[in-house]
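Trainee: Got a predicted structure plus its sequence, pasted below:
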Amino acid sequence: MEAIRDKNRANLFYTMFVFDRGYASEDMITYIQKNLQSSYLFRLREKFSIRIDALPKPDSDQKIVDHSMQLYDGIKVRVLRFYLPGGALETLITNDFDHEADLFRKLYFLRWPCEEEYKLIKIKVGLNCFRGWAENSVLQEFWIAMLLTNLVNVIRSETDGIIKCKTGEYDSNRSLKHHYKTNKNETAGALNRYLPDLIDAETSSERMHIIKHIFRFIIQNKVINKKGIGESNPRNIPRNVKNHMNVKTTH
């Protein structure tokens, strides 16, 4: 969900709900538009609508095709179609007819950091499975997960800069094949392993030794930054894994 400044209403903001594939439906679209009277932006799955699939496709990678159509009774939508860098055709629908088409493409891609944070909290930190049943136990696990998530982000803000310095990314005279970033999975795992030792440390020198050890481990286990603008670098060969998302927990 993003708040966008309306260029036609100087000091006002309005809310737009942004959804990934699989959420668009007649009931959802009707509810947001008629009951909430709000704007929405849906990414559509293939074969969501035969009429939308039949609309013309863009004739180049840089072009965005903008259509308007009556999708349901009393529901008029704007259909935006464009190609991603990997060649996949993307289709978005919205009930906002005021802004330029390219804005919605940029807006949809802004949702990615939000999904990454939810993934960090639920999967990497492990909040998707509580170990206790009592209210106090659940609250303790929740706030510990929030603490770990914030620590991961604080450490990542530091280690990303160190990694860029070490790899020469800040040097404009160097041409790098790969760019690197902090591995959030390893960062969350390191904090899970060493945070109790850090809390129990009796002297500042012991704490500093543990902190330096955590930073060295994180920097050594950096990963290639594959995230482009709106799309990961496409894989030539699909991964041979049992689960589609191949999600790994840290503990």
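Mentor: Thanks, I have the structure now.

Trainee: who's in contact with stretch 35-43?
Mentor: Contact with stretch 35-43 is made by 14-21, 23-24, 29, 32-33, 90-96, 104, 107-108, as judged by CB atoms under 8 Å, 6 or more residues apart in numbering. Heads up, the C-betas are built off the backbone N, CA and C, glycines and all.

Trainee: Of those, which belong to helices?
Mentor: The helices, defined by DSSP state H, take in 29, 104, 107-108 from the contacts of stretch 35-43.

Trainee: Show me where the stretch 51-200 of the chain has its strands.
Mentor: Per DSSP state E, counting those that start in this stretch, the stretch 51-200 of the chain carries strands over the ranges 65-72, 75-83, 89-94, 180-181.

Trainee: is it possible to export these to CSV including distance to residue 46?
Mentor: Shown next, in CSV, are these (distance: least, CB to CB, whole Å):
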stretch, distance to residue 46
strand 65-72, 16
strand 75-83, 12
strand 89-94, 8
strand 180-181, 31
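
Trainee: Let me have those in CSV, adding mean neighbour count, mean pLDDT and distance to residue 50 as columns.
Mentor: Below are these laid out as CSV (neighbours: other CB atoms under 10 Å; pLDDT from 0 to 100; distance: least, CB to CB, whole Å):
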stretch, mean neighbour count, mean pLDDT, distance to residue 50
strand 65-72, 14, 88, 12
strand 75-83, 19, 90, 13
strand 89-94, 20, 89, 13
strand 180-181, 17, 88, 41
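
Trainee: that older thread, for the ones in helices among the contacts of stretch 35-43, which two are the farthest from each other?
Mentor: Largest separation among these by CB to CB: 29 and 107, giving 17.4 Å.

Trainee: Just the buried residues of the contacts of stretch 35-43.
Mentor: Burial by neighbour count, judged by 16 or more other CB atoms under 10 Å, picks out 16, 18-19, 24, 29, 32-33, 90-96, 104, 107-108 from the contacts of stretch 35-43.

Trainee: where does the chain dip in pLDDT?
Mentor: Across the chain, residues meeting the criterion (pLDDT under 70) sit at 1-14, 226-251.

Trainee: what about the helices in it?
Mentor: Under DSSP H, the chain gives helices at 26-30, 50-53, 101-109, 111-119, 135-167, 184-200, 204-220.
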